[in-house]
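A.B. asks: Starting from these lines, generate the structure:
(2 chains)
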2 protein chains.
Amino acid sequence: MNYHYSTKVPMSDADPVGDLLKAAANPDIISFAGGLPAPELFPVAQVQEAANQVFQEKGMTALQYGSSQGTPELRKVVLERLSTDDIQADLEQVMISTGSQQVIDLTSKIFLNEGDTVIVEKPTYLCALDVFKSYGANLVSVEMDENGMKMDQLEKALQEHPDAKLLYTIPNFQNPTGRTMSLDRRKKLAQLAAEHDLIVLEDNPYGAVRFEGTPLPAIKSFDTTGHVVYTSTFSKILAPGLRLGWVVAPVELIEKYMVMKQSADLHTDALSQYIVAKFFENNDIEAHIANITALYKERKDLMMEAIQKYFPKTVTYSQPEGGMFIWIEVPGITDTQKLSDRCIKNDVAFVPGEPFYCDEIVPGTFRLNYSSMSPEQIDLGMKRLGEAIDETLAQG
Amino acid sequence: MNYHYSTKVPMSDADPVGDLLKAAANPDIISFAGGLPAPELFPVAQVQEAANQVFQEKGMTALQYGSSQGTPELRKVVLERLSTDDIQADLEQVMISTGSQQVIDLTSKIFLNEGDTVIVEKPTYLCALDVFKSYGANLVSVEMDENGMKMDQLEKALQEHPDAKLLYTIPNFQNPTGRTMSLDRRKKLAQLAAEHDLIVLEDNPYGAVRFEGTPLPAIKSFDTTGHVVYTSTFSKILAPGLRLGWVVAPVELIEKYMVMKQSADLHTDALSQYIVAKFFENNDIEAHIANITALYKERKDLMMEAIQKYFPKTVTYSQPEGGMFIWIEVPGITDTQKLSDRCIKNDVAFVPGEPFYCDEIVPGTFRLNYSSMSPEQIDLGMKRLGEAIDETLAQG
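C.D. replies: Okay, the predicted model is just below:
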């Protein structure tokens, strides 16, 4: 049958990243392609214990319909997390979401009409690009360096697009580059947002997993005008399968998020909300995050060493101080997909740079994830990847 | 601050239903306003047992990212449920959603451009109307009688709106009327959908909770052309707090739902999916549904008796064969909000008819829910409601 889809549905059925991730799910393949937390660190026993307490103490409530805003218990946990980012907020300024992905979607629905301009980092999280495209946004990318989005380039973009509605940024250990926005640029971004009446969506999934350098305050902490919306998630510090994120915004905005959330899915899974709140009551989350951080640092260091050992010297790469990703650029490679195909044949996978760009693509770029593979897999996979790069470069 | 919202955000901040439900949450108020399942029937111990097995058998998998389509385990459970509606499908035609509310949202996103016509029952589920409005739909309502949407009226509507894109129906024990679409009309609707190239979204949250009459096959069971999309939920047969629903559609369409689902929230809570699949493995769901059905029938009968006892004889009301709602019409009442306000003062609540209509409103109509109040509360609440009706009518 010939369905008549809306303009929100992508024209092409092609889903190269989906196909790649399916191929990479083959256990014979060493995959640096996904963005999965290390499952061996999931505190299964402690989550189970929390769940049992929830069933005993408030089983009926946890199984009944709940509030669109989320449980007060979990919103209190969020407030405590916010203090690590220097964000002051109260319970009414927080809404629990079905993962932070939902906050990207709801923010778009609340602010974007077809054709509205959204400014993004170049490159950026591909599923955020998909959301913005689905709302018919005009995407404008701004160049980054090791200190995040370049503010002079942003000012230029704002001059060219004075009606820009929304800016999306991942300031800590960005996906896909692993880069962190400097303190000065955070302050400058908050100032530019106020001056240009621009909504900033600050997405901070990785910030808690920092293994080097000094933690920086959130952009939101410099927001005195209500232009910055902050979102984060329990996915990287606890478990992504529960799909629990949150949004922090002025009360007036939170009310709009609640209206849109009610249309989207009524409310977030109540059982999981109660379990996670109970988990935080019972456990020392900072100790747990320290374990995650230590493991990821070890794996990041190994991957960095392997780059030195197996990659040509012309390769450039980011220096993540936390999070899950390293961004690679191989001068001389014009078709990253060809390199990816060759790697899949050699049982190693990564995500080519292309889907992270919304306009001009930088060839020879790709994203490596180090959080979910063992030390042996990292060494062997990077060796294979280095060989594939050499072969691809040799063939021109 | 003066935010510039998209056209998808409702212009008015007024949320009379939200305010009403908040007022009705006061434990002193007897509330027939909500649509809550009876929490005393939630099988808390059995869900807890299932959860413990999930943590033991696949804790890491349940806490990790999962597939946008949902777990094969839970999709298998869905296939078994579908057979009770005479629907043939396979695993690839099913996607798990964050409640069936999400299916209404994703269906709209997939099919609706601004200004597209959506045909709905008059009256219908108010949160579906909210979704369609948020996508800028042109809403057209078609009259119902005790046998559901009138097919001659639908044909007329299709002549007037030949480009109608989507039709939304709740064929079993409809929200808010409690009415059920007859077998003939189901067949006719499937035929009209094919003839007019109209997508039908068949929403069946209540169908399993039938206490009288003969179960009817789904509209989807008469669909030979791929025009009917079917959605249902675990909310009414197990527990709504877990936010687990599903959609059944041709594979080509399911692929679009997955693309949109990925943008919306990546995937549905994996832990809850595994728990529910395990619950179904361990327990006799038909016996559990029989318990729900018996209790709701008892409460429905009590409410029907109370209508006879306490309401004026001029009142008309629907005859639900299942589900959770009775629809009341009181001739002579022109301002149902005034009646509602009077009731709240007398500690009893219902939902006035207005928000269930998208165009012309039938005055004096309202929805009563009987599933979540005790027999004593039903008798006392209906007595108060009858008195408020008498007083309101007396004042003209």
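
A.B. asks: what's the helix or strand of chain A with the lowest mean pLDDT packed up against?
C.D. replies: Counting by mean pLDDT, DSSP states H and E, chain A has its least confident helix or strand at helix A:16-24, which shows a mean of 78. Identification of packing neighbours for helix A:16-24 by 3 or more Cβ pairs under 8 Å, 6 or more residues apart in numbering or on different chains; DSSP states H and E yields helix A:336-345, strand A:348-349, strand A:351-352. In this view, the C-beta of every residue, glycine as well, is placed from N, C-alpha and C.

A.B. asks: and the closest residue to A:Gly136 other than its chain neighbours, how many neighbours does it have?
C.D. replies: Using Cβ to Cβ, 6 or more residues apart in numbering or on different chains and skipping residues adjacent in sequence, the residue nearest A:Gly136 is A:Glu114, 3.6 Å away. By other Cβ atoms under 10 Å in any protein chain shown, the residues close to A:Glu114 number 15.

A.B. asks: Where does A:Glu114 sit: helix, strand or coil?
C.D. replies: coil (DSSP: H, G, I helix; E, B strand; the rest coil).

A.B. asks: the longest helix in chain A is where?
C.D. replies: helix A:285-310 (DSSP state H).

A.B. asks: which element follows that one toward the C-terminus?
C.D. replies: strand A:316-317 (DSSP states H and E).

A.B. asks: that older thread, is it true that the residue nearest to A:Gly136 touches A:Lys133?
C.D. replies: No - shown here, A:Glu114 and A:Lys133 do not form a contact pair, counting by Cβ atoms under 8 Å, at 11.1 Å.

A.B. asks: Go ahead and confirm A:Phe55 touches B:Ala51.
C.D. replies: Yes - between A:Phe55 and B:Ala51 there is a contact at 7.1 Å, judged by Cβ under 8 Å.

A.B. asks: higher neighbour count, the two?
C.D. replies: Per other Cβ under 10 Å, whichever of A:Phe55 and B:Ala51 has more neighbours is B:Ala51, with 26 against 22.

A.B. asks: hang on, that one in a strand?
C.D. replies: No - under three-state DSSP, B:Ala51 falls outside any strand and is assigned helix.

A.B. asks: Can you tell me how far it is from chain A?
C.D. replies: 5 Å (Cβ to the nearest Cβ, to the nearest Å).

A.B. asks: got a list of contacts for stretch A:152-164?
C.D. replies: Residues outside stretch A:152-164 that contact it (Cβ atoms under 8 Å, 6 or more residues apart in numbering or on different chains): A:116-119, A:138, A:140, A:142-143, A:167, A:189, A:192, A:196, A:198.

A.B. asks: what's the spacing between A:Val348 and A:Lys188?
C.D. replies: Separation of A:Val348 from A:Lys188 (Cβ to Cβ, to the nearest Å) stands at 40 Å.

A.B. asks: In contact with A:Leu253, which residues?
C.D. replies: Neighbouring residues of A:Leu253 by Cβ under 8 Å, 6+ apart: A:Ile110, A:Gly226, A:Val229, B:Tyr3.

A.B. asks: If we use 10 Å, what do you get?
C.D. replies: Residues near A:Leu253 by Cβ atoms under 10 Å, 6 or more residues apart in numbering or on different chains: A:Gln93, A:Met95, A:Thr107, A:Ile110, A:Phe111, A:Ile199, A:Gly226, A:Val229, A:Val247, B:Met1, B:Tyr3, B:Tyr5.

A.B. asks: How far off centre is the strand or helix carrying the third one?
C.D. replies: Assigned by DSSP H and E, A:Thr107 belongs to helix A:99-111. Centroid displacement of helix A:99-111 relative to its chain, using Cα atoms, centre = their mean, to the nearest Å, is 13 Å.

A.B. asks: Likewise for stretch A:353-366?
C.D. replies: 17 Å.

A.B. asks: is that stretch up against chain B anywhere?
C.D. replies: No - applying Cβ under 10 Å from any Cβ of the partner chain, one finds stretch A:353-366 separated from chain B by no less than 12.6 Å.

A.B. asks: burial of the residue in the stretch 251-396 of chain A that chain B sits nearest to, as a residue count?
C.D. replies: Going by Cβ to the nearest Cβ, chain B is nearest to A:Ala270 of the stretch 251-396 of chain A, at 3.6 Å. Number of residues near A:Ala270 (other Cβ under 10 Å) recorded here: 27.

A.B. asks: That one: what's it in contact with?
C.D. replies: For A:Ala270, the contact set (Cβ under 10 Å, 6+ apart) comprises A:54, A:58, A:61-67, A:70-71, A:74, A:96, B:239-243, B:272.

A.B. asks: So which of those are in helices?
C.D. replies: Those of these mapping onto helices are A:Val54, A:Lys58, A:Thr61, A:Ala62, A:Leu63, A:Leu74, B:Ser272, per DSSP H.

A.B. asks: what sits against the fourth one?
C.D. replies: It stands for A:Ala62. Neighbouring residues of A:Ala62 by Cβ under 10 Å, 6+ apart: A:51, A:54-55, A:71, A:269-275, A:278, B:42, B:44, B:47, B:239, B:241-242.

A.B. asks: Now with 6 Å, please.
C.D. replies: Shown in contact with A:Ala62 (Cβ atoms under 6 Å, 6 or more residues apart in numbering or on different chains): A:Val54, A:Ala270, A:Leu271, A:Tyr274, B:Gly241.

A.B. asks: excluding its backbone neighbours, what's nearest A:Gln101?
C.D. replies: In space, A:Gln101 is closest to B:Leu266, 4.8 Å off (Cβ to Cβ, 6+ apart).

A.B. asks: For the one you found, give me phi and psi.
C.D. replies: Per-residue torsions, B:Leu266: phi 70, psi -60 (degrees, to the nearest 10).

A.B. asks: Quick check: pLDDT value at the residue nearest to A:Ala306 when sequence neighbours are not counted.
C.D. replies: Spatial nearest neighbour of A:Ala306, chain neighbours left out: A:Met382 (3.4 Å); criterion: Cβ to Cβ, 6+ apart. In this model, A:Met382 is scored at 98, pLDDT.

A.B. asks: Secondary structure element holding A:Met382?
C.D. replies: Using DSSP H and E, A:Met382 falls in helix A:375-394.
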